[in-house]
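Undergrad: Starting from these lines, generate the structure:
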Amino acid sequence: MAFPEQIDDPPLKHLFDVSEGAGLEQEGVIRLTAGAPGPSLLQACSEVFKQAWARTLEKCNDVNVFQYGIAAGSWEFREELSKFLTESYGESVRRSDLILTCGATHGLQIILNTLLAPGGMIFVENATYMIALDVFKEFPSSSIESVELDANGIDPEDFEKKIMQWKNAKNWITSEEKPFWAMLYCIPAFQNPTGTSLSHTRCLRLIELARKHDVLILCDDVYNLLAHNNPPRRLFAYDRPDVYTFGGHVISNGTFSKILTPGVRIGWLEVPPRIAERLRKSGILRSSGSVNHFMSAVVTSIMEMGLQKQHLELLRSTFKERMLSLMEVLGENLPKSCTFHRSEGGYYIWLELPEGTDAADFCNFSAEHFKATAYAGKYFSKSKTSCMRLAVAYHVKDDLKKAAELICKALHAYLK
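TA: Predicted coordinates:
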């Protein structure tokens, strides 16, 4: 195999300068692909960080903010985060259960490296976050199995059937350091890409299955606080230990990328006590001296000053308005052979085209002839090739409505 002498390194300013060879607005095409806030919302962060930066620098007389931090993250950061999450969720979040990360994907990788047995089984939703699938490919000794989901989230019966198939397939080797033979990666609230949320009944059933078969459940709880109304109860809260059962099979993986700004690269894991002890001994976290220690001090200031709560309200109301507008256009203009899930929060709307339709081909057709497009389902699942994901976070409302109208017109033309 020949290797290049030098790789291409163009002067890109951010992730969405180029996507699949074309920027989000390149060539006049509106692309509803980005799972990130756009320029109009990022501008609102400037004043937030100016105020927080000044407050943090005042505290820099305490030189500890320039030192290596502790593995779990600073006491002050986790204390403010526990207060913020307790108020936001409406349920107690304990400081001692929180671990500082560089965001949800970093949290995922920490769990894979630290808790899953070598070659451990990975279950995912069908469909799921495409970057998570890329992360799992970096663990080639692990097998990946999709579990079906519907409007109420993961199908527990399909999950148990596949647990039994794999649990009996080999002799899984676990240890005190790597206690779990299998992990379910899921997005319980306003799922990416489908926008669905786990029902109360299915949450209870998943906890039952996790305890029965000793499976770890890692929840990407990154959209919970972007609910149009009250945030859904996170699966972690269902796994609390009580006098009858032992909790400790669910991890809540959170990030400020979705509730503040992606560039801050700050997130958290909310973990049960037995897992908290293991993570605090992680060589990765201990060697780092906690991750992003100084920036976590800035985010601490943002929470202390009440600026995080204010910014979250801005994001929640903006995304709600955008999503309702987009769904209104779809409801009025989609061909009758197409359907979509009406989400109540988060970033995404899942569009289902007639069975057998090649959504990837349609997305190219729509971009070329109608100047609007989105992500085809093949990026999220091998079997969801007749589906599309539409994202509301990046573009302003008028552009979203325009794009939705154009995609509907394209569908009428394509499906004739």
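
Undergrad: Tell me how the chain divides into domains.
TA: 18-35+309-414, 53-306 (automatic domain parsing).

Undergrad: Dump the ones you listed to JSON lines, plus distance to residue 11 and mean pLDDT.
TA: (Each C-beta comes from the backbone N, C-alpha and C, glycine too.) Shown next, in JSON lines, are the domains of the chain (distance: least, CB to CB, whole Å; pLDDT from 0 to 100):
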{"stretch": "domain 18-35+309-414", "distance to residue 11": "11", "mean pLDDT": "94"}
{"stretch": "domain 53-306", "distance to residue 11": "17", "mean pLDDT": "93"}
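
Undergrad: Looking at the ones you listed, spot the one closest to residue 8.
TA: domain 18-35+309-414 (11.0 Å; CB to CB).

Undergrad: Tabulate the domains of the chain in CSV, adding columns for distance to residue 10 and mean neighbour count.
TA: Output for the domains of the chain, formatted as CSV (distance: least, CB to CB, whole Å; neighbours: other CB atoms under 10 Å):
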stretch, distance to residue 10, mean neighbour count
domain 18-35+309-414, 7, 18
domain 53-306, 19, 19
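
Undergrad: With distance to residue 2 added, can I get those in JSON lines?
TA: Formatted as JSON lines, those follow (distance: least, CB to CB, whole Å):
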{"stretch": "domain 18-35+309-414", "distance to residue 2": "23"}
{"stretch": "domain 53-306", "distance to residue 2": "23"}
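
Undergrad: Note down every partner strand of the longest strand along the chain and its orientation.
TA: Longest strand of the chain, by residue count under DSSP state E: strand 116-126. Here strand 116-126 is paired, per DSSP bridges, with strand 144-150 (parallel), strand 180-186 (parallel).

Undergrad: Figure out which of these is closest to residue 310.
TA: The nearest among those, by CB to CB, is strand 180-186 at 30.4 Å.

Undergrad: show me what contacts residue 28?
TA: residue 371 (CB atoms under 8 Å, 6 or more residues apart in numbering).

Undergrad: so how far is residue 371 from it?
TA: Distance of residue 28 to residue 371, computed by CB to CB, to the nearest Å: 5 Å.

Undergrad: Over to residue 341?
TA: The value you get for residue 341 to residue 371, if CB to CB is used, is 25 Å.

Undergrad: quick one on the thing from earlier: ok, which of the strands paired with strand 116-126 comes nearest residue 51?
TA: Checking the strands paired with strand 116-126 against residue 51 by CB to CB gives strand 180-186 as the closest, at 36.5 Å.

Undergrad: Mind listing residues that contact that closest one?
TA: Contacts of strand 180-186 (CB under 8 Å, 6+ apart): 108, 111-112, 115-117, 120-125, 128, 132, 136, 147, 153-154, 159, 163, 166-167, 172, 174, 198, 206, 210, 213-220, 235.

Undergrad: ranges for the strands of the chain?
TA: 30-32, 98-101, 116-126, 144-150, 153-154, 180-186, 216-220, 250-255, 267-270, 339-340, 348-352, 372-376, 387-391.

Undergrad: how about JSON lines for the ones you listed, with distance to residue 307 added?
TA: Output for the strands of the chain, formatted as JSON lines (distance: least, CB to CB, whole Å):
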{"stretch": "strand 30-32", "distance to residue 307": "29"}
{"stretch": "strand 98-101", "distance to residue 307": "19"}
{"stretch": "strand 116-126", "distance to residue 307": "34"}
{"stretch": "strand 144-150", "distance to residue 307": "36"}
{"stretch": "strand 153-154", "distance to residue 307": "33"}
{"stretch": "strand 180-186", "distance to residue 307": "31"}
{"stretch": "strand 216-220", "distance to residue 307": "25"}
{"stretch": "strand 250-255", "distance to residue 307": "17"}
{"stretch": "strand 267-270", "distance to residue 307": "18"}
{"stretch": "strand 339-340", "distance to residue 307": "35"}
{"stretch": "strand 348-352", "distance to residue 307": "27"}
{"stretch": "strand 372-376", "distance to residue 307": "32"}
{"stretch": "strand 387-391", "distance to residue 307": "26"}
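
Undergrad: quick one, which of those is nearest to residue 54?
TA: Taking these one by one with CB to CB, strand 98-101 is closest: 22.6 Å.

Undergrad: The closest one - contacts with which helices or strands?
TA: helix 75-89, helix 104-114, strand 267-270, helix 273-280 (3 or more CB pairs under 8 Å, 6 or more residues apart in numbering; DSSP states H and E).

Undergrad: can you tell which of the ones you listed is closest to residue 249?
TA: Comparing these under CB to CB, the one sitting nearest is helix 273-280, at 9.1 Å.

Undergrad: quick one, the closest one and strand 180-186 angle?
TA: Here the directions of helix 273-280 and strand 180-186 differ by 100 degrees (axes from the mean of the first three to the mean of the last three CA atoms, to 10 degrees).

Undergrad: tell me the angle of helix 273-280 relative to strand 216-220?
TA: Using the same axes, to 10 degrees: helix 273-280 against strand 216-220 is 70 degrees.

Undergrad: what's the distance between the nearest residue to residue 179 once chain neighbours are set aside and residue 406?
TA: Leaving aside its sequence neighbours, residue 179 sits nearest to residue 115 (CB to CB, 6 or more residues apart in numbering; 6.5 Å). According to CB to CB, residue 115 stands 45 Å off from residue 406.

Undergrad: Then residue 276?
TA: In terms of CB to CB, residue 276 sits 49 Å off from residue 406.

Undergrad: And residue 187, its phi and psi?
TA: Backbone geometry at residue 187, expressed as degrees, to the nearest 10, gives phi -120, psi 90.

Undergrad: tell me the contacts of the closest residue to it other than its chain neighbours?
TA: Excluding the flanking residues, the one nearest residue 187 by CB to CB, 6+ apart is residue 220, at 4.5 Å. Neighbour list for residue 220: 104, 108, 129, 132, 185-187, 192, 253 [criterion: CB under 8 Å, 6+ apart].
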